[in-house]
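Trainee: this one's structure only:
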């Protein structure tokens, strides 16, 4: 089963508002200024241990190399990364009608984690599963694990 995460305001957060993972050491903290929400490292690694494929699905135009390099510094790997470039090429393509900025079902993603109301509304309209995470919550990672396990049981027919 595949789970995808948005980056901005989900995994990348402001230390002024959220608890964050330890900052990378100099000079890496200059190369990678984004701060990870506390619990991100544990969550992604725990999802992998439980047999989930973990993806990034972001509308940002950060490169795949940049995203993989940043998370590698924390010991985190992603199975796939869909950024704005990849979405535009593989999902939007040559269609005249503009599609939403995220279409997880195109990649057979079972659960997408995002902060934006528009993505949650699009989930209802276009028929994909999305979970909204946008406020500081010390239990956010466990809630995602619980929802992922719930959906896995649904998909397995249990």
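Mentor: Great, that's in hand. Remember, it's a predicted structure, so these values are computed and weren't measured experimentally. Numbering: from 1, shown residues only.

Trainee: use CA for all of it now, contacts and neighbours both
Mentor: OK.

Trainee: same question for the one helix or strand residue 118 maps to, mean pLDDT?
Mentor: Counting by DSSP states H and E, the element that carries residue 118 is helix 117-126. When pLDDT is averaged along helix 117-126, the result is 94.

Trainee: by contact count, what packs against it?
Mentor: Helices and strands touching helix 117-126, by 3 or more Cα pairs under 8 Å, 6 or more residues apart in numbering; DSSP states H and E, are strand 130-132.

Trainee: For stretch 34-47, which outside residues touch it?
Mentor: With contact meaning Cα atoms under 8 Å, 6 or more residues apart in numbering, stretch 34-47 is reached by 10-15, 18-21, 23, 53-54, 74-77, 141-142, 145.

Trainee: quick one: buried residues of it?
Mentor: Taking 16 or more other Cα atoms under 10 Å as the basis for neighbour counts, the residues of stretch 34-47 that come out buried are 34, 35, 36, 37, 38, 39, 40, 41, 43, 44, 45, 47.

Trainee: Next: stretch 53-62.
Mentor: Within stretch 53-62, the residues scored as buried using 16+ other Cα under 10 Å are 53, 54, 55, 56, 57, 58, 59.

Trainee: Equivalent analysis for stretch 151-158, please.
Mentor: When burial is assessed from 16+ other Cα under 10 Å, stretch 151-158 yields the following buried residues: 151, 152.

Trainee: how far does it sit from the chain's center?
Mentor: What separates the centre of stretch 151-158 from the centre of its chain is 21 Å, taken as Cα atoms, centre = their mean, to the nearest Å.

Trainee: Then stretch 32-49?
Mentor: Counting by Cα atoms, centre = their mean, stretch 32-49 is centred 10 Å from the centre of its parent chain.

Trainee: go on, stretch 120-139?
Mentor: Relative to the centre of its chain, stretch 120-139 is centred 11 Å away, using Cα atoms, centre = their mean.

Trainee: For the residue of the chain positioned farthest from its centre, which three-state class applies?
Mentor: Distance from the C-alpha centroid of the chain peaks at residue 96, with 27.4 Å (Cα atoms, centre = their mean). Here residue 96 is recorded as coil under DSSP: H, G, I helix; E, B strand; the rest coil.

Trainee: Just the pLDDT for it.
Mentor: Reported pLDDT for residue 96: 82.

Trainee: ok, now how distant is it from residue 66?
Mentor: Remark: distance between residue 96 and residue 66 (Cα to Cα, to the nearest Å) = 30 Å.
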